[in-house]
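Novice: Build the 3D model from these lines:
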Amino acid sequence: MKRRTFLKMATTSAVAGTVGWGAVRSVQAAAPIASMTDKQDVAPAGKIVYVNPNPPEVPLKPYGGTRYRDRVPDTYDVAERAALCINALTRATNPLADHELYFWAKFFRNPAVMQHEISDLCQIKFMEALPLLRIASGSRVGLEVDEVWRQVTLKSIGPDGLLLNEQVPLIYALSGAQPQTPVGEYETAWHVAERNVGAFAGWSTANDWAPLKTAPGSIMHCCTGNAARTLYWIWREALRFKDGELRVSLLLNRASREADVYSFIPYQGKVEIKVKEACDRVLVHAPGWVKAGSPEMKAAVDGKAVETRWEGRYLVLGPAQAGRHITVTFPIAERTAKETIGTVDYTLVIKGDTVLHIDPPGRNLPLYRRDHYRSSEPRHIEVERFLSDTELED
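Specialist: This next block holds a predicted model:
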């Protein structure tokens, strides 16, 4: 499928078609939300009226693909981050109002709340991002939202073919000032933290996910919508296979039909590639701290050193048959850097290109608590890897 066709489908038929990973996994597992039908969400002021209440039927194509279990280094995994983001894309919405986005998540409130306002219209970004991240991750979280958004978008297309954002009357009733009550008229306090796991901060600083009590909110979901789409393109460009050439551009954990990549960064300066389809040649991009042409970046196939050459910042190996195991190694070290970010002076502990610690630390939700990465012995985890049947062409 071509990208332009996909984006057209995503916007006109509603997707037809950090404190560390351990802590995030714990949050998600500790309080699962089995259903999105709780009456503690905000009910619309009246019947939701659409410009096209009887749209043509456009079937929602299932997200097909291959799933398998694998043991991988416990390092950054874009597909895993995409799955977390789907949690926020689908659950930070209002099931009583056709899954309209709650634009604000406010954690400096007691209780914490999510809130509707006119910027709920940023939901269109969520609609584009959701199918992209399902392709990357295979996550099944909130699948009912895809169907609702398909219906909402089709019902919002007028006779002139334009998409009208008038699906929920409550956004027209807002006066701009929310009631000064513990939980306001357009707010919900139901599982706010759990429903926003995977979202992106709206007011973070270099050391804190939610630093400012004076900020309008901890999350503005325009940030989540934009960053979610970016996750997909990072995932896609990390590894490409075309015309017999396997090109690994980002040294991150990544599964594909042609090869699986296992990144040991920042524990070790090592990346392993399990070749699943014969390649005429394999190219691996050097990490940012390794100079192009460095003899310290080496490759081995099935444990035997092989000759390589350089093309720009890519280390070039020869052909590789299916079943071969490629290991690429390079130096990695810990260093300290002093940086001025905004108007604040920070001291950062960095290993490779991964920030492990920042000083001064954050006060509320501090970032970069990653001391376990200082070890050279990698942790491993069992994961489900997903290979989508749908791919977007250039």
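Novice: ok, for F103, nearest residue in space, not its chain neighbours?
Specialist: Nearest residue to F103, sequence neighbours excluded (Cβ to Cβ, 6 or more residues apart in numbering): S119, at 4.3 Å. Yep, even glycine has a C-beta here, placed from its N, CA and C like the rest.
Novice: Next, the one you found: secondary structure please.
Specialist: For S119, the assignment made with DSSP: H, G, I helix; E, B strand; the rest coil gives helix.
Novice: residues in contact with W289?
Specialist: I332, G352, D353 (Cβ atoms under 8 Å, 6 or more residues apart in numbering).
Novice: Now do the contacts for the closest residue to Y50 other than its chain neighbours.
Specialist: With sequence-adjacent residues excluded and distances taken as Cβ to Cβ, 6+ apart, Y50 is closest to K155, at 3.7 Å. For K155, the contacting residues are Y50, V51, N52, P53, P55, Q167, by Cβ under 8 Å, 6+ apart.
Novice: List phi and psi for H116.
Specialist: phi -80, psi 150 (degrees, to the nearest 10).
Novice: wait, doesn't it sit right on T93?
Specialist: No. Applying Cβ atoms under 8 Å as the test, H116 and T93 come out as separate, 10.4 Å apart.
Novice: Pull up the overlap in contacts between the two.
Specialist: Contacts common to H116 and T93, judged by Cβ under 8 Å, 6+ apart, are E100, Y102.
Novice: The helix or strand hosting E272 pairs with which strands, and in what direction?
Specialist: E272 belongs to strand 270-275 when assigned by DSSP states H and E. Partners of strand 270-275 in the sheet, by DSSP bridges, are strand 259-263 (antiparallel), strand 325-329 (antiparallel).
Novice: Return the set of buried residues in the last one.
Specialist: The reference is to strand 325-329. Within strand 325-329, the residues scored as buried using 16 or more other Cβ atoms under 10 Å are I326, T327, V328, T329.
Novice: The third one and A112, how far apart?
Specialist: Meaning V328. 45 Å (Cβ to Cβ, to the nearest Å).
Novice: Need the pLDDT of N52.
Specialist: You'll see N52 listed with a pLDDT of 85.
Novice: Revised request: answer the last question for E166.
Specialist: The predicted local confidence for E166 is 41.
Novice: In contact with V192, which residues?
Specialist: A105, F107, P111, A112, V113, M114.
Novice: Quick check on those: which are buried?
Specialist: For the contacts of V192, buried by 16+ other Cβ under 10 Å: A105, F107, A112, V113, M114.
Novice: circling back to that earlier point, just to be careful, could you list which of the contacts of V192 are in helices?
Specialist: If you go by DSSP state H, those have nothing in helices.
Novice: tell me the two of these that are most distant?
Specialist: A105 and P111 (12.0 Å; Cβ to Cβ).
Novice: Break this structure down into its domains, please.
Specialist: 3-234, 240-329, 334-377 (automatic domain parsing).
Novice: Mind checking those for the one nearest to S388?
Specialist: Closest to S388 of the domains of the chain, according to Cβ to Cβ: domain 3-234, at 4.3 Å.
Novice: residue ranges for the helices of the stretch 51-200 of the chain, please.
Specialist: 78-91, 123-137, 143-155, 192-195 (DSSP state H, counting those that start in this stretch).
Novice: Serialize the ones you listed to a markdown table and add fields for distance to G342.
Specialist: Listed next are the helices of the stretch 51-200 of the chain as a markdown table, based on distance: least, Cβ to Cβ, whole Å:
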| stretch | distance to G342 |
| --- | --- |
| helix 78-91 | 25 |
| helix 123-137 | 26 |
| helix 143-155 | 36 |
| helix 192-195 | 27 |
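Novice: nearest to V271, of these?
Specialist: Closest among the helices of the stretch 51-200 of the chain, using Cβ to Cβ: helix 78-91, at 14.6 Å.
Novice: and that closest one, what other elements does it pack with?
Specialist: Counting contacts by 3 or more Cβ pairs under 8 Å, 6 or more residues apart in numbering; DSSP states H and E, helix 78-91 packs against helix 21-30, helix 123-137, helix 192-195, helix 221-238, strand 380-388.
Novice: Would you indicate which residues of the third one are buried?
Specialist: Neighbour-count burial for helix 192-195, with 16+ other Cβ under 10 Å as criterion, is recorded at V192, R195.
Novice: and that helix, C-alpha only, in PDB?
Specialist: Once non-C-alpha atoms are left out, helix 192-195 reads as follows in PDB (Å, rounded to 0.1, in the frame of the first residue of the first chain):
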ATOM      1  CA  VAL A 192      -6.500   9.100  34.700                       C
ATOM      2  CA  ALA A 193      -3.000   7.900  35.200                       C
ATOM      3  CA  GLU A 194      -3.600   4.400  33.800                       C
ATOM      4  CA  ARG A 195      -5.400   5.700  30.700                       C
END
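Novice: what about that helix, distance to the chain center?
Specialist: 17 Å (Cα atoms, centre = their mean, to the nearest Å).
Novice: again with the second one
Specialist: Taking the mean of its C-alpha atoms, helix 123-137 sits 9 Å from the chain's own mean (Cα atoms, centre = their mean).
Novice: Tell me where the model's unsure across the stretch 251-394 of the chain.
Specialist: In the prediction, the stretch 251-394 of the chain carries residues with pLDDT under 70 at positions 393-394.
Novice: ok, 90 please
Specialist: Along the stretch 251-394 of the chain, segments meeting pLDDT under 90 span 342, 362-366, 390-394.
Novice: can you map out the strands along it?
Specialist: 259-263, 270-275, 281-285, 298-301, 304-305, 309-311, 314-317, 325-329, 334-341, 344-351, 354-359, 380-388 (DSSP state E, counting those that start in this stretch).
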